[in-house]
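>>> Got a sequence here, can you build the structure:
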Amino acid sequence: MNDTTESDPTAVARRVAERRERLGLTEEDLAHRAAMAPRYLGHLLQAGPEFDPGGFVRIAAALGLSRQELLEGRADAPPGRGGPGPRPRLLDLTDAECWELVGSHGIGRIGLPVRPGPAVYPVNYVVDHASFAYRTAHGTATAPEPGAEVSFQVDRIDEYLGRGWSVLALGTAQYLDDPEEVRRLDGLPGAAPWAGGDRPCWVRIRCAEISGRRLVTG
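Here you go, the predicted model:
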């Protein structure tokens with residue numbers, strides 16, 4: 001359990017309000033379901049979960065959630081539901097900052113020029129000689145045409161601080177056929193495909209351009 005999240009009454013109260021409104025409940029309805037007085041419900045939401053842990057178990061049950069889902073949010077929820085932080089600003093990143101942020105490997109999104117429109121898929125990548133590379137198999141959705149112009153995006157968002165960054169690279173896709181180079185890439189951290197299966201083909205994105213922005217608050 002994240003202690004910071006649990007002790008943040010504002011985040012928990014917002015989650016309660018969003019869920020309550022989605023279910024079409026008033027505060028009085030929720031209080032009745034949780035078997036507590038409306039005034040006490042309001043006090044709990046101001047005081048936070050540490051004031052009365054059992055009370056928040058009842059609130060969660062009344063909303064059809066587990067206590068963990070109420071306090072931390074759904075683990076599989078899409079990012080960006082927490083709302084912006086105070087006084088948000090976007091700052092441009094230098095090329096060096098972009099490469100530093102994406103690190104040596106991670107999860108990114110490959111954007112492919114297919115019909116009827118561009119398609120974007122998540123893939124786990126490695127960074128090698130100022131390029132992105134990932135494994136796929138011929139005939140799969142993430143297998144581009146050789147020489148295709150593609151985009152590659154990596155980002156990270158901090159839900160509770162309202163901060164984050166995004167890096168976008170544009171370039172061409174090339175298949176690697178040098179056995180020695182393929183063996184070297186296979187041995188890099190993060191090389192194993194998360195999607196599993198037989199994915200023997202390495203695709204390298206030769207970056208013609210990389211740019212990024214950082215979202216800061218305060």
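>>> Helix or strand with the lowest mean pLDDT in this protein?
Lowest on mean pLDDT, DSSP states H and E among the helices and strands of the chain sits helix 3-6, with a mean of 42.
>>> How far away from the center of its chain is the helix or strand following it?
Going down the chain from helix 3-6, the next helix or strand is helix 9-22, by DSSP states H and E. Here the centre of helix 9-22 is set off from its chain's centre by 21 Å, with CA atoms, centre = their mean, to the nearest Å.
>>> likewise stretch 176-186?
Computed by CA atoms, centre = their mean, the chain-centroid distance of stretch 176-186 equals 30 Å.
>>> again, but for stretch 11-26
The chain centre lies 23 Å from the centre of stretch 11-26; the measure is CA atoms, centre = their mean.
>>> what about dumping the CA coordinates of that stretch to CSV?
Taking C-alpha atoms only, stretch 11-26 is exported to CSV below (Å, rounded to 0.1, in the frame of the first residue of the first chain):
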residue,chain,number,x,y,z
ALA,A,11,-7.4,12.2,-3.5
VAL,A,12,-9.6,9.7,-1.7
ALA,A,13,-12.5,12.2,-1.5
ARG,A,14,-12.2,12.9,-5.2
ARG,A,15,-12.3,9.2,-5.9
VAL,A,16,-15.4,8.8,-3.7
ALA,A,17,-17.2,11.7,-5.5
GLU,A,18,-16.4,10.4,-9.0
ARG,A,19,-17.6,6.9,-8.2
ARG,A,20,-20.7,8.1,-6.4
GLU,A,21,-21.7,10.3,-9.3
ARG,A,22,-21.0,7.5,-11.8
LEU,A,23,-23.5,5.4,-9.8
GLY,A,24,-26.0,8.2,-9.6
LEU,A,25,-25.9,8.5,-5.8
THR,A,26,-26.2,11.6,-3.7
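>>> Next, the residues that contact the helix or strand containing Gln153 from outside, please.
Assignment of secondary structure by DSSP H and E places Gln153 within strand 149-158. Identification of contacts with strand 149-158 by CB atoms under 8 Å, 6 or more residues apart in numbering yields 79-80, 101-102, 106-113, 120, 125, 132, 144, 163-173, 205, 207, 215. Every residue, glycine included, has its C-beta placed from N, CA and C.
>>> what about burial for these, which qualify?
Burial by neighbour count, 16 or more other CB atoms under 10 Å: within the contacts of strand 149-158 this picks out 101-102, 108, 110-112, 125, 132, 144, 163-169, 171, 173, 205, 207, 215.
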